[in-house]
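[1] One predicted model, sequence on top.
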Amino acid sequence: MKSSQGTSLMAGLVATLVNLPMMYFVSPYEAGPMDLAAPLEAWLGGSWIAGTVAHLVISAVVLPAVYARFICRRLPGIPAARGVAWGMFLWIVTQTVVVPAMGAGFFTAWSGGFAASMSSLIVHLVYGLVFGVLAGGPRRAVPYPRYAFRTAEAAHAG
């Protein structure tokens, strides 16, 4: 199945909707509920609803569009593996750029620490897995680099 903009947007919406209950019901057992609208609220004029809409637009529209346009064809492997890699990439960017910009410190050091960071990792990996499976991928996956499959015979011949 080819990953198109439309397919990616639908996959992003479903993955986001799968993650919403996780953030409010699964994460509390790790580090407390994740209210992603609250940090965005301050940036958007104090409206929790605007923060919620911004998070939904980013998760269900912007990130899937970036994935379909720039990322999908460059990742090797099956769609599920590409999705998990995408989720891991998003988690790293979130924990190293977005979270510190919102004042919570590098890897949520000042707002929940290790438990919050691990909860975020789980949520991002589930998002990526659901997204990858539903978005599919290019008709032919990018092959792994040739040097990754060198045999002992080829290594000694060269």
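    In hand now; what should we look at?

[2] what sits against the most centrally placed residue in the chain?
    For the chain, the residue sitting closest to the mean C-alpha position, by Cα atoms, centre = their mean, is Gly87 at 2.9 Å. Listed by Cβ atoms under 8 Å, 6 or more residues apart in numbering, the contact set of Gly87 reads 124-129, 131-132. C-betas here are computed from N, CA, C, even on glycine.

[3] any idea which of those has the most stuff around it?
    Phe131 (31 neighbours; other Cβ atoms under 10 Å).

[4] List the contacts of that one.
    Phe131 sits in contact with 8, 11-12, 14-15, 64, 67, 83, 86-87, where contact means Cβ under 8 Å, 6+ apart.

[5] can you redo the residues you listed as TSV with pLDDT?
    Putting those into TSV (pLDDT from 0 to 100) gives the following:
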residue	pLDDT
Ser8	83
Ala11	85
Gly12	82
Val14	85
Ala15	85
Pro64	88
Tyr67	85
Gly83	88
Trp86	89
Gly87	91
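
[6] nearest to Leu56, of those?
    For the contacts of Phe131, the minimum distance to Leu56 (Cβ to Cβ) is 9.7 Å, reached by Gly12.

[7] Show me what the helix or strand harbouring the closest one is packed against.
    For Gly12, the host element (DSSP states H and E) is helix 5-21. Packing partners of helix 5-21 (3 or more Cβ pairs under 8 Å, 6 or more residues apart in numbering; DSSP states H and E): helix 63-66, helix 113-135.

[8] From the chain's centroid, how far away is it?
    11 Å (Cα atoms, centre = their mean, to the nearest Å).

[9] if we can go back for a sec, confidence-wise, which of the helices and strands packed on helix 5-21 is weakest overall?
    Looking at these, the lowest mean pLDDT belongs to helix 113-135 (a mean of 84).

[10] Just the buried positions in stretch 8-23, please.
    Within stretch 8-23, the residues that count as buried by 16 or more other Cβ atoms under 10 Å are 8-9, 11-16, 18-20, 23.

[11] Distance to Met118 for those - can I get that in CSV?
    Formatted as CSV, the buried residues of stretch 8-23 follow (distance: Cβ to Cβ, whole Å):
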residue, distance to Met118
Ser8, 27
Leu9, 29
Ala11, 25
Gly12, 23
Leu13, 26
Val14, 24
Ala15, 19
Thr16, 20
Val18, 19
Asn19, 15
Leu20, 19
Met23, 14
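
[12] Check the gap between the closest residue to Val84 other than its chain neighbours and Gly103 for me.
    Closest residue in space to Val84, ignoring its immediate chain neighbours: Gly128 at 4.8 Å, by Cβ to Cβ, 6 or more residues apart in numbering. Distance, Gly128 to Gly103, using Cβ to Cβ, to the nearest Å: 26 Å.
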